[in-house]
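S.K.: What follows is a predicted protein model with its sequence.
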Amino acid sequence: MAIITMSDGTNLFYKDWGPKDAQPVMFHHGWPLSSDDWDGQMLFFLSAGYRVIAHDRRGHGRSDQTDAGNEMDTYAADVASIVTALDLHDVVHIGHSTGGGEVTRYAARAEGGRVARAILIGAVPPLMVRSALNPDGIPMAVFDGFREALSTNRAEFYKSIPSGPFYGFNREGAHISQGLIDNWWRQGMAGGAKAQFDCIRAFSETDFTDDLEAITVPVLILHGEDDQIVPIGNSARKAIGLVRDGTLKTYPGLSHGLFATHPDVVNADLLAFARS
């Protein structure tokens, strides 16, 4: 396996396909998944002539099952370590959900010349949880429920999410893919329960407002209008007002997992922005 070791000794698994002199596209997965969630997009960009890279976040997939460092500052530092180790420049970073938060924090702090563009899909910024500064956010009780379900019966919890709201399979008339459900469960169960438990706080309570404002490269924000996991009104519609050079595109009726259920639609928009 391809492994890069972080400064604290944590080993992170990564994929690196395509010509090493081609422009890199780096993918950042959502909770509680792995780089495998991006296989379709990686093959698509590879066929378009790009170098494609994706890693399993610490505690997820094939990376070490860490019991520390499962928060956004460390996630962003891990990305920086991978970028440095592979000597990547002019990278298009694409992040989904929690991975969109990771991209946001990394891009706000990255060395000059490392980031060309940032794409956030169904992403958690600027802030998910309800607070005095975010009164229309999601109540903390929802995330406490996630933690309780993970602790009590992670395997069952990881069946209910993809079978229902993640891909919109709980909507009337939905075209249900058992393969997507099974693959989501497989990825989730491969990771470490402690890291995934900690990551709930990372994706729900981290405030990315300052990060969004600090990003200097063009940002594309894509979001399904029927996203039941990261509601569009509390995320994309706020984030677009915080970035300096942003484009927002929304998809009526599409879910949180829109790039998996509708790859032909989303991939075309990703490629067009990468080439712009």
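M.R.: Everything's here; your move.
S.K.: can you give me the helices for the stretch 151-276 of the chain?
M.R.: With DSSP state H, counting those that start in this stretch as the definition, the stretch 151-276 of the chain shows helices at residue ranges 178-190, 193-205, 209-214, 236-239, 258-261, 263-275.
S.K.: Which among these is found nearest to residue 4?
M.R.: Using CB to CB as the criterion, the shortest distance between residue 4 and the helices of the stretch 151-276 of the chain is 17.2 Å, found for helix 193-205. Every residue, glycine included, has its C-beta placed from N, CA and C.
S.K.: Please identify the buried residues of the closest one?
M.R.: By neighbour count, and taking 16 or more other CB atoms under 10 Å as the criterion, the buried residues in helix 193-205 are 195-205.
S.K.: Surely residue 109 touches residue 76?
M.R.: Yes. Residue 109 is in contact with residue 76 according to CB atoms under 8 Å; the separation is 6.3 Å.
S.K.: Compare those two (neighbour count), which wins?
M.R.: residue 76 (21 against 17; other CB atoms under 10 Å).
S.K.: So the more buried one is in contact with residue 95, correct?
M.R.: No. Residue 76 is not in contact with residue 95 according to CB under 8 Å; the separation is 11.0 Å.
S.K.: picking up where we left off before, got the helices of the stretch 151-276 of the chain as CSV, with distance to residue 60 columns?
M.R.: Shown next, in CSV, are the helices of the stretch 151-276 of the chain (distance: least, CB to CB, whole Å):
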stretch, distance to residue 60
helix 178-190, 8
helix 193-205, 7
helix 209-214, 21
helix 236-239, 24
helix 258-261, 17
helix 263-275, 22
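S.K.: How about the contacts made by residue 32?
M.R.: Neighbouring residues of residue 32 by CB atoms under 8 Å, 6 or more residues apart in numbering: 60, 158, 187-188, 191, 196, 199.
S.K.: circling back: buried deepest among the helices of the stretch 151-276 of the chain, which one?
M.R.: Between the helices of the stretch 151-276 of the chain, the one whose residues have the most neighbours on average, counting mean count of other CB atoms under 10 Å, is helix 258-261 (a mean of 22).
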